[in-house]
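**Q** how would this look folded up:
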Amino acid sequence: MTDILRFDADKENANATCSVSAEHTHESASFMSWQQANHSHMVDVIAWVQEGLAILSKPALAGRGERKNIRPLSEIHRQYVTEPPTAFTLLVQQFGLNGVDQTALALSLSAALDSDVSKVCASMSGNPLQTNPSIGMALSLHGLSDQGGESDRSVFSPHSPLRYWLLIEWQSIGASDAIISPDERILNFVRGVNYLDERLSVMLEPTREHAAQMPLSTSQEIQRMGALRFIQQTMQVHTQSHRAIIELYGEDKTSKRNMAHALAVSVGMNLHRLHATSLPTNANDLDALSRLWQREAGLSPLLLVIEGADEPSRQHVIEQFVDRIHGVVVLEAGDSPMGIFPHSFPLHVARPTVTEQEQYWRQLLPHADADLPLRLSEQFSFSQSDIQQLVTISSLHEQGGSHVEHTLWKACQRHSSTALSRLALRIDCKANWETLVLPPKQTTMLEHLTAQVGLRNRVYQQWGFRERMSRGMGISAMFCGDSGTGKTMAAEAIASALELDLYRIDLSSVISKYIGETEKKMRELFQAAEQCGAILFFDEADALFGKRSDVKSSNDRYANIGIDDLLQRIESYRGLAILATNLKSSIDKAFLRRLRFVVDFPFPGPAERERIWRSVFPPQTPLSDDVDPVRLSRLNLTGGSIHNVALNGAFLAAQQNEPVAMRFLMEAASAELQKLDRPVKAGDLDYG
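**A** Alright, predicted model coming up:
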């Protein structure tokens, strides 16, 4: 008798494992209907096995002709036509099981699910501990019905479906027989409990993407390229060789991850990620992994995403792995398609447009200031899942009002600058318009420059200039002047006014005459900067933008190409890029013509130096009455040198435990002038 109570308990466990939420009543009812059909199917399969074993265990019955009374197993399957198919039917369909395969699988499953069957198997084997059936029993059971097909032991070769797809476990006994038992994963599958095999799950990364609505531009690109149709056609073809390879390429990794997730959701598949470095290089291990994945893909609608597919050292093993499997495979490539699979489907992935990001910000921030969504979308470049996460985090810290907006802005800066912080030095901005001392002409130019950054959307988008821009919409400037004249301080003041991060890049350390190295470094830098829209401050610009080198070798030619590449990236960068140089005369004029602003920082005159001296000391600094800004302004020093003198003079005073006085400042000034190799005339350091 079938152990119904035991199998019913399994069914209840399956219901608990696979239960759905109460709000999905229709889906829950459909699931219960499938579970009932699946359970009834297996009960009938077990009854069929019991009937056959009863005959085999009593040879006299077989001798009276009762062999012909066993109907084919396929007749039982036809009684259970469901959508989706019951577990046993799906195994037959997905793995191409013939009559002998089905009999052997039914027998091994029945012995594992029903104690009566296992007892009969032990009795027939003559060993009370051998409760699993043998292939001899399976072949004998198959011979009781008119199912046709091969009935010798060759059907159980290592390449047979049951063994190749790891549906059964195999233990040889003697030279011509073996014990068979169902793989644990398959046993639970027919019980109605579906999960990813733990041998595979330990290699895969859980999917953490938010199920955000696909951006309209992305959806249109997918429809235009026919990607969903390509995937759906592949899913409808149940062959071991049919597959769809989707190559997602583009600069932004987050957008590619979200695109893969959106594709999976759109076609109703479960996404799993495998990093290319996890693929084994040993041929046997790679074959075992591919068969295990293929089996799992046959049991559930799985979509495999291979991360890091553009790594050159892994492309050979990726090619070998993908060639071994069928179904849907998504490769997350680099900036361009990999080109190693001739029938792949390349799909370019870009971040949501500024307009789409603004709409999503506005949707999630219905009570924010009207201009905040526009400011956020213009400044930062985020995926929809990033935006949702940032709004959630900021809302947890603050409750309403401008505090939320300030917290959100800072959260956006932190979130978007992680990658850039590894490639450039973030400057802690202290300067502002009040502390910046420059002639009126230069101050006005800097104010115009700052305004352009803040008004980009109005002029480019609303006023239509975007359509007239042939070189990109980046705002670029060059700051020229001697060291200490205020170039870095001006960049800080602009960053403070715009509430943006400022990053310094030393071009002298970036430039390389090795072919392609400069372009590679610049590509990584600008990809990271695009996300946060930070101000990029390129110091020592003359190291790269000096007079073009004579082309005497291929290295010289590629060095010039690297310069053009950087200029193009600056022109297309949606933020502000500032180039700084101490040697304007060495800059190629052709480069200057391609910059939006060129600001000369002159050596400060007496009036500017006096203003600097009056503001250089913090309010907490104790000053002697003899400190005379007018007298100090006669010292021929830049703003940077004035800061050095003030700081060193303060340390001299602190060492004597006295207020800062002229004698300390003049001593510090003497040391500064000597450091700069500037002659000190008689009377220059007199005071009083």
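
**Q** For this structure, which segments are assigned as strands?
**A** 168-173, 177-182, 243-249, 270-275, 302-307, 327-332, 345-348, 425-427, 475-480, 502-506, 535-539, 576-581, 597-600 (DSSP state E).

**Q** got a list of contacts for the fourth one?
**A** The set of residues that contact strand 270-275 without belonging to it, under CB atoms under 8 Å, 6 or more residues apart in numbering, is 196, 203-205, 207, 260-261, 264, 300-308. Every C-beta, even on glycine, is put in place using the N, C-alpha and C of the backbone.

**Q** buried residues in it?
**A** Buried residues in strand 270-275, counted by 16 or more other CB atoms under 10 Å: 271, 272, 273, 274, 275.

**Q** Tell me what angle it forms with strand 327-332.
**A** Interaxial angle, strand 270-275 versus strand 327-332 (axes from the mean of the first three to the mean of the last three CA atoms, to 10 degrees): 50 degrees.

**Q** circling back: let me have the buried residues of strand 270-275 in CSV, extended by pLDDT.
**A** Shown next, in CSV, are the buried residues of strand 270-275 (pLDDT from 0 to 100):
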residue, pLDDT
271, 90
272, 93
273, 94
274, 94
275, 94
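
**Q** could you give the mean pLDDT of the longest helix anywhere in the chain?
**A** The helix that spans the most residues within the chain, counting by DSSP state H, is helix 25-56. What helix 25-56 shows for mean pLDDT is 83.

**Q** Now do residue 457 against residue 358, distance only.
**A** Distance, residue 457 to residue 358, using CB to CB, to the nearest Å: 9 Å.

**Q** for the stretch 501-650 of the chain, what spans make up the helices?
**A** 507-510, 517-532, 542-545, 554-572, 589-592, 606-615, 629-632, 639-655 (DSSP state H, counting those that start in this stretch).

**Q** helices and strands of this structure: which one bottoms out on pLDDT?
**A** Within the chain, confidence by mean pLDDT, DSSP states H and E is lowest for helix 4-17 among all helices and strands, at a mean of 41.

**Q** Give the residue spans of the stretch 51-200 of the chain that score low on pLDDT.
**A** Where the stretch 51-200 of the chain drops to pLDDT under 70, the residues are 59-69, 145-154, 175-176.

**Q** can you give me the helices in it?
**A** Secondary structure of the stretch 51-200 of the chain, counting by DSSP H, counting those that start in this stretch: helices at 59-63, 73-78, 87-95, 99-113, 115-125, 135-142, 161-164, 184-191, 198-201.

**Q** Can you say which of the ones you listed is packed in most?
**A** When you average the neighbours per residue for each of the helices of the stretch 51-200 of the chain (mean count of other CB atoms under 10 Å), helix 99-113 leads with a mean of 25.

**Q** Buried residues, stretch 677-686. List them.
**A** Result for stretch 677-686 [16+ other CB under 10 Å]: buried residues residue 685.

**Q** Give me the residues contacting it.
**A** Contacts for stretch 677-686 (CB under 8 Å, 6+ apart): 634, 635, 636, 666, 669, 670, 673, 674.

**Q** which of these lies closest to residue 251?
**A** residue 636 (48.8 Å; CB to CB).

**Q** follow-up on the earlier one: among the helices of the stretch 51-200 of the chain, which is nearest residue 418?
**A** helix 198-201 (28.6 Å).

**Q** by contact count, what packs against the closest one?
**A** For helix 198-201, the packing partners by 3 or more CB pairs under 8 Å, 6 or more residues apart in numbering; DSSP states H and E come out as helix 283-299.

**Q** Return the backbone torsion pair for residue 624.
**A** phi -70, psi 150 (degrees, to the nearest 10).

**Q** The longest helix of the chain versus helix 184-191: what angle between them?
**A** Going by the same axes, to 10 degrees, helix 25-56 makes 110 degrees with helix 184-191.

**Q** Also compute the angle for helix 25-56 relative to helix 99-113, please.
**A** 100 degrees.

**Q** So what's the gap between helix 25-56 and the chain middle?
**A** 43 Å (CA atoms, centre = their mean, to the nearest Å).

**Q** and residue 423, how far is that from residue 160?
**A** Taken as CB to CB, the span from residue 423 to residue 160 is 55 Å.

**Q** Ok, residue 582 next?
**A** Where residue 160 is concerned, residue 582 sits at a distance of 77 Å (CB to CB).

**Q** Equivalent analysis for residue 73, please.
**A** 17 Å.

**Q** can you check residue 358 too?
**A** 59 Å.

**Q** still on that earlier bit, which of the contacts of stretch 677-686 count as buried?
**A** Counted by 16+ other CB under 10 Å, these give 634, 635, 636, 666, 669, 673 as buried.

**Q** Which two of these have the greatest separation?
**A** 636 and 666 (13.9 Å).

**Q** Residue 39 touches residue 190, doesn't it?
**A** No. Counting by CB atoms under 8 Å, residue 39 does not reach residue 190; the two are 9.6 Å apart.

**Q** pLDDT (mean, whole number) over stretch 322-340?
**A** pLDDT averaged over stretch 322-340 gives 87.

**Q** Then stretch 388-395?
**A** 83.
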